[in-house]
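Participant: Fold the following, please.
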Amino acid sequence: MSESQRKPDPEHILRRLEWTVIRRLDGLLHGDYRTLFRGFGLDLADLREYQYQDDVRHIDWNVTARLQTPYVREYNEDREVTAWFLLDLSPSVDFGSHQVRKRAVSMEFVTVLARVLTRHGNRVGALLYGDTVDTVIPARSGRRHVLHLLHRMLSRPDRTQSGETDLKHLLQTAFQVMQRRSVVFVVSDFISAPGWAQPLAHIAQRHEVVAVRLYDPLEMEMPDLGLVVIQDSETGEQLFVDTHDRGFRKRFTAAAERRETALRSAFREAGVDALELSTDDELVDAIMRFADLRKRRSQLAAGGGLPQHLGMNA
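Facilitator: Next up is the predicted model:
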C-alpha cells in the first residue's frame, strides 16, 4: 500500500465534496441553507396586530385565539451561526457491511456541513470522542479551518477495541465547552451505555440540536450468511452464530426494532430532530430529505401550529 493510500489527503477530499455534493446542494436549495437551521438565530422581538401583506405563517394562533384579533410575531435575526460537531469516533463507527463504513459517512457529512457554514462567515468547532473526549477544536471560520478539522478526523489511529462507549461523558463535556447558543450536531451511531438522553435534553434547552444517527443496514436485519463469527467492535468479544437459523434472525430483527423504538423515543423526549444516515445512503438525498421535513415543520411552527421541539425523524 502506497503512502498516499495510507494517508488520505484532506485537500483532495474537500475538493471532491465541494464538486460532487456542495455544488448539487447549492442548486437544489438555491443557495439558501437556512432550512437546515430552523429556528436558530431568531429571537422573538415583539407581537403586533396583523396587517395587510404580512406573512400569514408568522401569525401566532394562540395569541390570536385569546384576543380574538390576528397577531403576528416579529423577530430579530442573528445572521452569524456557530455550529458544533460532537463526534463519536469510537470503534463501533468503523463498522460497514460493504465498502462504506459509518466513520466515512460521518466524515463526509461533517466536512460538507462545516464547509457550507464557514464559507458564509459562520464558525464551526468540534469535540472528538474515542473512549473519552480527547480533542476539542475551537470554533473558527474559513476553509483552512475545515481542512484542519478534516485532518484531525483522518489522522486518528485505528482502534480495534476499547471500553464501552459512554455518550453521556461527551455530552456533559460539550455542555461545559459550548457557552454561546449554537447549532449542535451530535454525530454518532448511539451504541452507548445508557444515561445519555438526559444530558442531550439538557443541551437542547440551550442550543438547537440535531442528532445525526449513523447506521448500517446489516445492523437492522441479519441475512442468511451461514456460520459466522460476530465480534463486538468495542469490547472485542466474539460470538459464533448460525445465521441460517431462522429463529435467530427473527430474534435479531426484533431486538433491532426495540432498539430503534427506544432510540427514537429518546430523541423525541429530548426535544431534538434526528437525521438518519445509512452507509448505503446518498449524502445529498439524505440532506435534502431532512431539509424538506424541517422546512415544512418550520412553516407550521411559524404559524403557532406546532411546538418548536416536536420530535421528528428524517
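Participant: Just list the residues touching Tyr215, thanks.
Facilitator: By C-beta atoms under 8 Å, 6 or more residues apart in numbering, the contact set of Tyr215 is 102, 189, 276-279. (C-beta placed from N, C-alpha, C; glycine too.)
Participant: Show me the beta-bridge partners of it.
Facilitator: Ser278 (DSSP bridges).
Participant: so where do the helices sit in the protein?
Facilitator: All helices of the chain, identified by DSSP state H, fall at 3-6, 10-17, 23-29, 61-67, 102-118, 143-154, 167-177, 197-206, 246-270, 283-302.
Participant: list the helices and strands the longest one packs on?
Facilitator: Packing contacts for helix 246-270, counted by 3 or more C-beta pairs under 8 Å, 6 or more residues apart in numbering; DSSP states H and E, involve helix 197-206, strand 208-215, strand 273-278.
Participant: Pull out the buried positions in that helix.
Facilitator: For helix 246-270, the neighbour count (16 or more other C-beta atoms under 10 Å) marks 249, 252, 256, 260, 263-264, 266-268, 270 as buried.
Participant: Dump those residues into a markdown table; add distance to Arg180 and pLDDT as well.
Facilitator: A markdown table is the format used below for those (distance: C-beta to C-beta, whole Å; pLDDT from 0 to 100):
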| residue | distance to Arg180 | pLDDT |
| --- | --- | --- |
| Arg249 | 48 | 85 |
| Phe252 | 44 | 82 |
| Ala256 | 38 | 86 |
| Glu260 | 34 | 92 |
| Leu263 | 29 | 94 |
| Arg264 | 29 | 93 |
| Ala266 | 26 | 94 |
| Phe267 | 24 | 94 |
| Arg268 | 26 | 92 |
| Ala270 | 21 | 92 |
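Participant: Identify the residue nearest the residue most central in space within the chain in space, chain neighbours excluded?
Facilitator: The chain has Val212 as the residue nearest its centroid, 2.4 Å off, counting by C-alpha atoms, centre = their mean. Of all residues not flanking Val212 in the chain, Val187 sits nearest, at 4.4 Å (C-beta to C-beta, 6 or more residues apart in numbering).
Participant: Verify the stated contact: that neighbour with Val105.
Facilitator: No. The criterion here is C-beta atoms under 8 Å, and Val187 misses it with Val105 at 9.0 Å.
Participant: average pLDDT across stretch 62-75?
Facilitator: Averaged over stretch 62-75, pLDDT sits at 78.
Participant: And stretch 215-224, by the same measure?
Facilitator: Averaged across stretch 215-224, the pLDDT comes to 84.
Participant: picking up where we left off before, from the buried residues of helix 246-270, which is closest to Val93?
Facilitator: Leu263 (15.5 Å; C-beta to C-beta).
Participant: surely that closest one meets Asp189?
Facilitator: No. The criterion here is C-beta under 8 Å, and Leu263 misses it with Asp189 at 9.9 Å.
Participant: Which neighbours do the two have in common?
Facilitator: Overlap of the contact sets of Leu263 and Asp189 (by C-beta under 8 Å, 6+ apart) consists of Arg213.
Participant: Next, the residue of the chain most remote from its centre: phi, psi?
Facilitator: Distance from the C-alpha centroid of the chain peaks at Gln68, with 40.7 Å (C-alpha atoms, centre = their mean). Backbone torsions for Gln68, taken as degrees, to the nearest 10, come to phi 60, psi 20.
Participant: mind checking how far it is from Arg123?
Facilitator: To Arg123, Gln68 is 45 Å away according to C-beta to C-beta, to the nearest Å.
Participant: Give the bridge partners for the residue nearest to Val212, please.
Facilitator: For Val187, the beta-bridge partners are Leu87, Val212 (DSSP bridges).
Participant: what's near enough to touch it?
Facilitator: By C-beta under 8 Å, 6+ apart, the contact list for Val187 reads 85-88, 106, 109-110, 212, 214.
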